[in-house]
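Peer 1: I would like the atomic coordinates for the input below:
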Amino acid sequence: MTWEESENIIRRLVEGLVELRGETQGQSFSDFYSWLEPDLSPYLEFRSATSVRADVEHWFNDELGHDWLS
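Peer 2: Predicted coordinates:
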């Protein structure tokens, strides 16, 4: 999977999480990443200039409006 494909899918998954839980505050990146790993790991198989986890965390924070944390 390419970096761009993973980014698009992971961002949509974060949006789905927000829709499901109805909030952007209090969402845990660690919980989200742990949820992705077992069944959705193909979305974590892309080449990264930094690290896959760092890229996913950036997308997660950006979608939740927490990009100032990065």
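Peer 1: now for the closest residue to residue 60 other than its chain neighbours, how many residues are close by?
Peer 2: In space, and not counting its chain neighbours, residue 60 is closest to residue 29: 5.1 Å by CB to CB, 6 or more residues apart in numbering. C-beta: built from backbone N, CA, C; applies to glycine. Using other CB atoms under 10 Å, residue 29 is surrounded by 18 other residues.
Peer 1: before we move on, what about residue 50?
Peer 2: Neighbours around residue 50, by other CB under 10 Å: 8.
Peer 1: which residues touch it?
Peer 2: By CB atoms under 8 Å, 6 or more residues apart in numbering, no residues touch residue 50.
Peer 1: one more time with 10 Å, if that's ok
Peer 2: Counting by CB atoms under 10 Å, 6 or more residues apart in numbering, residue 50 touches residue 58.
Peer 1: which helix or strand contains residue 34?
Peer 2: helix 29-39 (DSSP states H and E).
Peer 1: what's the mean pLDDT across that helix?
Peer 2: Helix 29-39 comes out with an average pLDDT of 91.
Peer 1: what's it packed up against?
Peer 2: Other helices and strands packing on helix 29-39, by 3 or more CB pairs under 10 Å, 6 or more residues apart in numbering; DSSP states H and E, are helix 3-21, helix 52-63.
Peer 1: quick check: buried residues in stretch 26-36?
Peer 2: 27, 29, 32, 33, 36 (16 or more other CB atoms under 10 Å).
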